[in-house]
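Colleague: please work out how this folds:
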Amino acid sequence: LSANRATRQHDDLGACTSMELLGSFYPAQEIVVTRLDQIRSAVTEYGTRVAADRPRESFMIMITVPHGQRRPAGFETAYRDGSLGTNAWMHEIFKRPLPMPDDHGVRMWGGPHTPFQFADCDPLWPDETPDEFTSPAAGHVGLYGWLRATNARVQRLSQCTHTLLDVATVAELRAAYAARRHPLSVAQDALRAVPQDLAA
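Modeller: Got it, this is the predicted structure:
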């Protein structure tokens, strides 16, 4: 296994347009396995170690099988489709984020190990100190940043009379993030649904 700095860029419709791949930047690790699940586990352990040593870096993990060595059944397909987890720490970037009236477009939706980011803004990473979004995000880095971004819009629109978790359930918010709904749209809908006696 080896880790290489990498980012993947997408066009407005989500199609991959390019991938930047730079040389290895972390010591490689040799593994001996006979099954796909062992490869997945090794990739997860290695990726977690790289991320801890190189925090906030975008990288992918390369698997090289020595010539003449047998590959576990299903290896080629699993490696190609990403199900071995080799791309879990790679930032997926929209080159031209779709515009949002009165707000920034989304540059990165993030994932379990990668951050949410608006265009022309810094990525939103979890704080070292837990906050009200740490538990709802359950360790998902992208969801955490999206929750913070959505909360900021709820507070702006309500003039700080509400927070996100006052006006939406965690289940609703997770579904909205999974559907890639813009934080401003989610905030507007949540505040419209607030009972009038609470909105006053």
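Colleague: where does residue 159 fall, phi/psi-wise?
Modeller: Main-chain torsions, residue 159, degrees, to the nearest 10: phi 60, psi 40.
Colleague: what's the burial count for it?
Modeller: 7 (other CB atoms under 10 Å). Yep, even glycine has a C-beta here, placed from its N, CA and C like the rest.
Colleague: how about the contacts made by it?
Modeller: Neighbour list for residue 159: empty [criterion: CB atoms under 8 Å, 6 or more residues apart in numbering].
Colleague: tell me how far the ends of stretch 98-110 are from each other?
Modeller: From its first residue to its last, stretch 98-110 covers 16 Å (CA to CA, to the nearest Å).
Colleague: which parts of that stretch are buried?
Modeller: The neighbour-count check on stretch 98-110 (16 or more other CB atoms under 10 Å) flags 103-104, 106-110 as buried.
Colleague: need those in CSV (columns: pLDDT).
Modeller: Shown next, in CSV, are the buried residues of stretch 98-110 (pLDDT from 0 to 100):
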residue, pLDDT
103, 96
104, 96
106, 96
107, 96
108, 96
109, 97
110, 97
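Colleague: nearest to residue 30 among these?
Modeller: When these are ranked by distance to residue 30 (CB to CB), residue 110 comes first, at 31.1 Å.
Colleague: SS state for that closest one?
Modeller: Per DSSP: H, G, I helix; E, B strand; the rest coil, the local secondary structure of residue 110 is coil.
Colleague: Provide a list of residues in contact with it.
Modeller: Applying CB under 8 Å, 6+ apart to residue 110 gives the contacts 116-117, 123, 141-143, 145-146.
Colleague: repeat that for 7 Å
Modeller: Residue 110 is in contact with 116, 141-142, 145, counting by CB atoms under 7 Å, 6 or more residues apart in numbering.
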